[in-house]
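A.B. asks: give the three-dimensional model of this entry:
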Amino acid sequence: MTSTRFWHGFADMHLVKDAEVVFRSGEGVWLESVDGRRYLDATAALWYCAVGYGRREIADAVADQLARLPAYSSFGAYTTEPTLALAERLTAMAPIDDAVVFLGSGGSDAVDTAAKLVRRYWDVVGRPEKRVIVSREHDYHGMHAWGTALAGIPGNKAGYGGEIIEEIVTVGLADTESLGALFARRGAAIAAFIGEPVIGAGGVYPPEPSYWAEVQRLCREHDVLLIADEVITGFGRTGFMWGSERYGIEPDLVLFAKAVTSGYQPLGGVLVGPRVRAPFWDGTAAGPMFLHGYTYSGHAAACAAAMANLDIIEGEGLVARVASMEAGFDTAVRRLEGAPLVGEVRTVGLTAAVAIAPDRLAADPGIPARVVGAALRHGVATRVVRGHALQVSPAFVITEGEIDTLVDGLGAALEDVAAAV
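C.D. replies: Presented below is the predicted three-dimensional model:
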């Protein structure tokens, strides 16, 4: 008999079934487990809890909406008041002028929506041969079928039998030369390029200074739609409301999720610019449709959570706070460059990866997971990203003192594991 009946994501259940860490409450950047221990949450859960835990104003907004009308279908002409209010707010703050928004339940929904939409777009404008979608090495785009196919993380695709979705091409992390050659060779067949402004779950890789300008130039030159996957970078994590703003990206579609509700309800979506929207919206007579949607698209309580969460982000100036903390955060986390086992530290905004040295990792691939376990013993909850690095992406409300506590805990964990190697 196993000790749990819950199948965890991205987990070796041979080990996890008897070693769950079960949380029961949270406040700010702190978590409390069922055995009464406190942990500093180094990752804002899965990047998403921007405003921290215990925000009663979001809980109250959700409770009020649940009591009045928890949800209603947004298929056809139906929708709810919070759905419309959030759509107005998101499109007003979008890094695309004159956008509309398609809502779903999270980032993976957003990726699948965008991938289907760009193919459908080219079909209805008379270019059905434009079907190929280009992604890049190390990018993570969720775990639905499209996201699994598009992600540049080979391990996430292994064992599913061939190509999950055909006509996907992956290019190098920062290789615009190969991208240009691909576009020159196959541009007539390429529907879109998708990329994260900053690669997140693939290891926290900020872009080279000229990278996004060149990608954008190539997309415009070859008439390829540009999709910015802002599921992690949206709503302030880079010190700008959108990563697209920080790096001068002018996308045709923007994907978002995570910090839109800070995880208080599941929600995500796609901001769609006027070019892609036009054949499905413009005119008054019946026309081509995008036959796609989810049961919980525009879920009323989730939209209420997003509205309350955005009130906090804007009212407390949390995006500016991230920008003001970036330099100090970088300095603090870089103290770990001198810690045992560490090969590299990469940071941007309020996000970092503490990468294990390649030679140490090659000799013992289990080191990162053991450091995560040791960090828990030192009161810090983190996780491994792409098998080689520790994720550091705390809530935007973290204090300078708490950042020091976080770094001290990781440093102690690294020393513990190094001593035992």
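A.B. asks: and for D41, the neighbour number?
C.D. replies: 24 (other C-beta atoms under 10 Å). For the C-beta atoms, the positions are set from N, CA and C on the backbone; glycine is no exception.
A.B. asks: no, scratch that, I was asking about D364
C.D. replies: Neighbour tally, D364, other C-beta under 10 Å: 14.
A.B. asks: domain parsing for the protein?
C.D. replies: 13-55+317-420, 58-315 (automatic domain parsing).
A.B. asks: how about JSON lines for those domains, with distance to S3 and mean pLDDT added?
C.D. replies: Listed next are the domains of the chain as JSON lines, based on distance: least, C-beta to C-beta, whole Å; pLDDT from 0 to 100:
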{"stretch": "domain 13-55+317-420", "distance to S3": "5", "mean pLDDT": "97"}
{"stretch": "domain 58-315", "distance to S3": "25", "mean pLDDT": "96"}
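A.B. asks: quick check: phi and psi at A189.
C.D. replies: Recorded main-chain torsions at A189 are phi -110, psi 0, according to degrees, to the nearest 10.
A.B. asks: which ones are touching it?
C.D. replies: A189 sits next to 129-132, 167 when contact means C-beta atoms under 8 Å, 6 or more residues apart in numbering.
A.B. asks: tell me the secondary structure at D64.
C.D. replies: helix (DSSP: H, G, I helix; E, B strand; the rest coil).
A.B. asks: please name the nearest non-neighbouring residue to it.
C.D. replies: Nearest residue to D64, sequence neighbours excluded (C-beta to C-beta, 6 or more residues apart in numbering): A304, at 7.2 Å.
A.B. asks: any buried residues in the helix or strand hosting that neighbour, and which?
C.D. replies: Here A304 is covered by helix 300-315, with elements defined by DSSP states H and E. Neighbour counts over helix 300-315 (16 or more other C-beta atoms under 10 Å) mark 300-310, 312-313 as buried.
A.B. asks: hang on, the earlier thing: okay, and which of the contacts of A189 map to helices?
C.D. replies: Using DSSP state H, no member of the contacts of A189 falls in helices.
A.B. asks: ranking by neighbours, what's the top pick from the residues you listed?
C.D. replies: That'd be K130 among those, by other C-beta under 10 Å, with 22 neighbours.
A.B. asks: pull the number of nearby residues for the residue nearest to that one when sequence neighbours are not counted.
C.D. replies: In space, and not counting its chain neighbours, K130 is closest to W122: 4.0 Å by C-beta to C-beta, 6+ apart. For W122, the number of neighbouring residues by other C-beta under 10 Å comes to 21.
A.B. asks: same check, this time on G293
C.D. replies: G293 has 17 nearby residues by other C-beta under 10 Å.
A.B. asks: is it in contact with T79, as I believe?
C.D. replies: No. Contact criterion C-beta atoms under 8 Å: G293 and T79 do not qualify, at 11.6 Å.
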